[in-house]
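> 3D, please:
(chains A and B)
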Amino acid sequence: MSKETNRRDFLGMSFAAVAAVGGGYSLVGMKQAWDPLPSVLAAGFTTIDLAKAELKPGIPKTFTWRGKPIFVLEKTSKMENWDGDLIIGDKRYTVVVGLCTHLGCIPAWKTDVWKCACHGGEFNPNGQQTFGPPPKPFVVPPFSVSGTVLTLGEEGEQSKAMMTARA
Amino acid sequence: MAEIKESFFSAEGLEKRLNGKKFWKTMMTEYWIPKDINFLWAMGVVLATTFMILIVSGIFLLMYYKPDTALAFDSVNYTIMQDVAYGWLFRHMHGVAASVIFLIIYIHMFTGIYYGSYKKGREMIWISGMLLFVTFSAAGFSGYMLPWGQMSYWAAAVITNLFAGGSLEAYGLVEWIRGGFAVGDATLTRFFMLHVFLLPIVIIKLIVVHFYTLRIPHVNNQSAEDIDYDAEAEKYLAGNKKESKVIPFWPVFLSKDFAVLGLFFIFYFYLVFFNYNFAMDPVNFDPANPMVTPAHIYPEWYFLWSYETLRGPFFDMFGMKAGDIGLMIFGLAQGIFVVFPFLDRDPDILPAHKRPKFFIWFWLLIIDLLVLSIYGKLPPTGANAWVGFYATAAFLLLWASLPFITKSDAKARGAL
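Presented below is the predicted three-dimensional model:
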């Protein structure tokens, strides 16, 4: 502080310091009030037991995880094998977030392909885009595997590998 | 303070305490407006009035609306629409006014652009006006979510998803905005708060700022003449009303505004009573369902042009992803109008018809915005995607060329 600093300057600067600290903490608090609630975060994990899910080969089933549809398809022997498959025992699965990578619509399964009603995008049983505007394959949700049980929301080796195969 | 002896309960006493006559004079009878204007100068008052309609109709809707994902849809479509006396009227008034106010905002904006009312002293008017536009857009978007129909839900999903930065899985900003992994109850309640409290307060404050910024540089006029307001006001007050180039805001200017306002209300209530459907998308009469996407998602008409700049670049270019380029252009489209006064390099204030190249630029921009709006509503497939692409490219080119075009006009006139 210079010699010219008088009491009023000191008061002003003290107030600025108090206001800055208080304002900073308030902003942090307000930011956190907007964060997803603990209950919402806790509900962000979904388990799917593939052995009990009554999947029919060749017909995908839709699960819900974090408000998003998850497509689980048990592949038939006629469908091509791919590095991006989830392999459990002798079975191969496609596990993807069921949102078109174009604008986020939910495609529907037609015989052997996912078709998006919004803008005509198509995805093969691997979840790779084969027609229309989608820029990339379906996204793989993070999940871990123990036995036949998938825990969605928990990053695991398999889901990482499946993501890499799609990159 | 000089002690006031006159009774509080007398007109004279109140006047002594509040100085109302001086206030009225400053704000009304001696607030000078140029004579050389046309009906387009009435849009400010039309906007202020439409905003009042939104507040009043909003208050009535607020008394029965329930910001809860389980109750919202029925509180609007059953309670308000069928049970509350005139509830349907308040809803249609609110929805139609919200749509029409953007039409008037666009007219107001392009009047300003045409007559050069944004430069050389009027920059703050322009900037505060653009802030109002952005806040109104936020209010429109947050309000559209409240009926919790399919279009409410999916518009909210698509627009909040913009903050995911292109990837559908990025944890962070988008979840923070939504208060959850998907658009849900927390999202509805916080956007309800924004729509009925925070944004209206900000809008009211910005309107005050907007009026204030206008006071010092005064209203522009049809020929953009630089008027000596003190001299012209003196003439008017001396009785030379014919000679004077100005008129008082009240009662002279407002009387004409009220005439325009009357015509506007006839048009507005015609829409409210006979043609409200354009503001009531049928898709939004299906309750929100996160597991079913509507076949085609589009925003309200006033967002279509900027929505189309988002979709315009549909293939990867310059080593960047199509979605990211679209996001960048979309961001630019939101902000570019704010810096208009600084992109215009012409030192003179002149209406567009006296700036030949700018005149062409002005109408090209309007045409381009119309094309973007039309194709923003159509599905982006086949030829539509290419029209959207070229219209988006034209949008960027127009803005990039603005400094050169305005400079070239000034050179041809000998002003530079």
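> Output the contacting helices and strands for the helix or strand hosting residue B:409.
Assigned by DSSP states H and E, residue B:409 falls within helix B:383-413. If you count contacts as 3 or more CB pairs under 8 Å, 6 or more residues apart in numbering or on different chains; DSSP states H and E, helix B:383-413 packs onto helix B:304-311, helix B:322-335, helix B:340-343, helix B:356-377. C-beta coordinates here come from the backbone N, C-alpha and C atoms, glycine included.
> And the residue most central in space within chain A, how close does it get to chain B?
Using CA atoms, centre = their mean, the residue of chain A that lies closest to the mean C-alpha position is residue A:141, 4.8 Å off. Separation of residue A:141 from chain B (CB to the nearest CB, to the nearest Å) stands at 8 Å.
> Over to residue A:66?
For residue A:66, the distance to chain B - CB to the nearest CB - is 3 Å.
> Number of residues surrounding that residue?
Residues within reach of residue A:66, counting by other CB atoms under 10 Å in any protein chain shown, total 23.
> And it, how close does it get to residue B:297?
Residue A:66 is 20 Å from residue B:297, where distance means CB to CB, to the nearest Å.
> Same check on residue A:5?
Counting by CB to CB, the gap from residue A:5 to residue B:297 is 61 Å.
> okay, the two: which has more neighbours?
Per other CB under 10 Å, whichever of residue A:5 and residue B:297 has more neighbours is residue B:297, with 21 against 11.
> Could you tell me which residues make contact with that one?
A:103, A:105, A:118, B:151, B:154, B:155, B:158 (CB atoms under 8 Å, 6 or more residues apart in numbering or on different chains).
> Next, the contact list for whatever residue of chain A ends up closest to chain B, please.
In chain A, the residue that lies nearest chain B is residue A:67 (2.5 Å; CB to the nearest CB). Residue A:67 makes contact with B:180, B:181, B:182, B:183, B:184, B:290, according to CB under 8 Å, 6+ apart.
> quick one: which of those residues is most hemmed in?
residue B:183 (29 neighbours).
> Make sure residue B:349 is actually in contact with residue B:220.
Yes: at 7.1 Å, residue B:349 and residue B:220 qualify as touching, with contact defined as CB atoms under 8 Å.
> got any residues that touch both of the two?
Common neighbours of residue B:349 and residue B:220 (CB under 8 Å, 6+ apart) are B:116, B:117.
> Which one of these two is surrounded by more residues?
residue B:220 (28 against 20).
> now the residue of the stretch 1-150 of chain B at minimum distance from chain A: how far from residue B:148?
The minimum distance from the stretch 1-150 of chain B to chain A, using CB to the nearest CB, falls at residue B:69 (11.4 Å). Relative to residue B:148, residue B:69 is positioned 6 Å away (CB to CB).
> Check residue A:64 too.
Distance from residue A:64 to residue B:148, by CB to CB: 19 Å.
> More neighbours: those two, which one.
Set residue A:64 next to residue B:148 and count neighbours by other CB under 10 Å: residue B:148 wins out with 26 against 14.
> ok, the more buried one touching residue B:67?
No: using CB under 8 Å, residue B:148 makes no contact with residue B:67, being 9.0 Å away.
> picking up where we left off before, return the closest of the contacts of residue B:297 with respect to residue A:80.
residue A:105 (25.5 Å; CB to CB).
> any idea of the pLDDT on residue B:105?
On pLDDT, residue B:105 comes in at 98.
> burial count for it?
19.
> Just confirm it is within a strand.
No: assessed by DSSP: H, G, I helix; E, B strand; the rest coil, residue B:105 does not belong to a strand; its assignment is helix.
> Just give the closest residue to it, not the sequence neighbours.
Closest residue to residue B:105 apart from its sequence neighbours, by CB to CB, 6 or more residues apart in numbering or on different chains: residue B:133 at 6.0 Å.
> got the contact list for that neighbour?
Neighbours of residue B:133 in contact, by CB under 8 Å, 6+ apart: B:105, B:109, B:337.
> what about it, which helix or strand?
helix B:123-145.
> Can you identify the element that follows that helix toward the C-terminus?
Next along from helix B:123-145, by DSSP H and E: helix B:150-161.
> Follow the chain on from that following helix and name the next helix or strand.
helix B:173-178.
> helices or strands up against that next one?
helix B:150-161, helix B:185-193.
> what's the domain layout of chain A?
Here the domain parsing of chain A from automatic domain parsing is A:1-35, A:42-166.
> Let me know which of the ones you listed is tucked in deepest.
Among these, ranked by average contacts under mean count of other CB atoms under 10 Å in any protein chain shown, first place goes to domain A:42-166 (a mean of 18).
> what mean pLDDT does it have?
On average, domain A:42-166 scores 89.
> Start and end of it, how far apart?
End-to-end distance for domain A:42-166, by CA to CA, to the nearest Å: 28 Å.
> Can you give me the distance of residue B:301 to chain A?
Applying CB to the nearest CB to residue B:301 and chain A gives a distance of 19 Å.
> tally of neighbours for the residue nearest to residue B:100 when sequence neighbours are not counted?
Among residues not flanking residue B:100 along the chain, residue B:268 sits closest, at 5.9 Å (CB to CB, 6+ apart). Other residues within reach of residue B:268, judged by other CB under 10 Å, total 21.
> Could you verify my assumption that residue B:268 touches residue B:99?
No: using CB under 8 Å as the test, residue B:268 is too far from residue B:99 to be in contact (10.2 Å).
> give me every residue that touches residue A:114.
A:60, A:71, A:98, A:107, A:108, A:122, A:123, A:124, A:127, A:138.
> chain center to the host helix or strand of it, what's the gap?
Assigned by DSSP H and E, residue A:114 belongs to strand A:113-115. In terms of CA atoms, centre = their mean, to the nearest Å, the centre of strand A:113-115 is set 20 Å apart from its chain centre.
> Mind pulling up the pLDDT for residue 3?
Unless you meant another one, I'm taking chain A. 65.
> let's do chain B instead
On the pLDDT scale, residue B:3 gets 91.
> Give me the distance between it and residue B:21.
Distance from residue B:3 to residue B:21, by CB to CB: 20 Å.
> quick one: which of those two has more around it?
residue B:21 (10 against 4).
> The more buried one is in what secondary structure piece?
Going by DSSP H and E, residue B:21 is part of helix B:20-24.
> what's that helix in contact with?
Taking CB under 8 Å, 6+ apart as the rule, helix B:20-24 contacts B:14, B:15.
> closest one to residue B:238 among the domains of chain A?
domain A:1-35 (49.4 Å).
> I would like the residues contacting the helix or strand hosting residue B:256, please.
Assigned by DSSP H and E, residue B:256 falls within helix B:254-274. With CB under 8 Å, 6+ apart as the test, helix B:254-274 has contacts from B:39, B:42, B:45-46, B:49-50, B:53, B:89, B:92-93, B:96-97, B:100, B:104, B:278-279.
> cutoff 10 Å now
B:28, B:33, B:37-46, B:48-50, B:53, B:57, B:89, B:91-97, B:99-101, B:103-104, B:247-251, B:277-279 (CB atoms under 10 Å, 6 or more residues apart in numbering or on different chains).
> Which neighbouring elements make contact with the helix or strand harbouring residue B:232?
Residue B:232 is located in helix B:229-237, with elements delineated by DSSP H and E. Applying 3 or more CB pairs under 10 Å, 6 or more residues apart in numbering or on different chains; DSSP states H and E, one finds that helix B:229-237 makes contact with strand B:32-34, strand B:246-248.
> Using JSON lines, lay out these together with distance to chain A.
Converted to JSON lines, the helices and strands packed on helix B:229-237 look like this (distance: least, CB to the nearest CB, whole Å):
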{"stretch": "strand B:32-34", "distance to chain A": "41"}
{"stretch": "strand B:246-248", "distance to chain A": "44"}
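> Please identify the deepest-packed of the ones you listed.
Among the helices and strands packed on helix B:229-237, highest average neighbours (mean count of other CB under 10 Å) belong to strand B:246-248, with a mean of 22.
> For stretch B:224-231, buried residues please.
The neighbour-count check on stretch B:224-231 (16 or more other CB atoms under 10 Å in any protein chain shown) flags B:224, B:227 as buried.
> Next: stretch B:120-131.
B:120, B:122, B:123, B:124, B:125, B:126, B:127, B:128, B:129, B:130, B:131.
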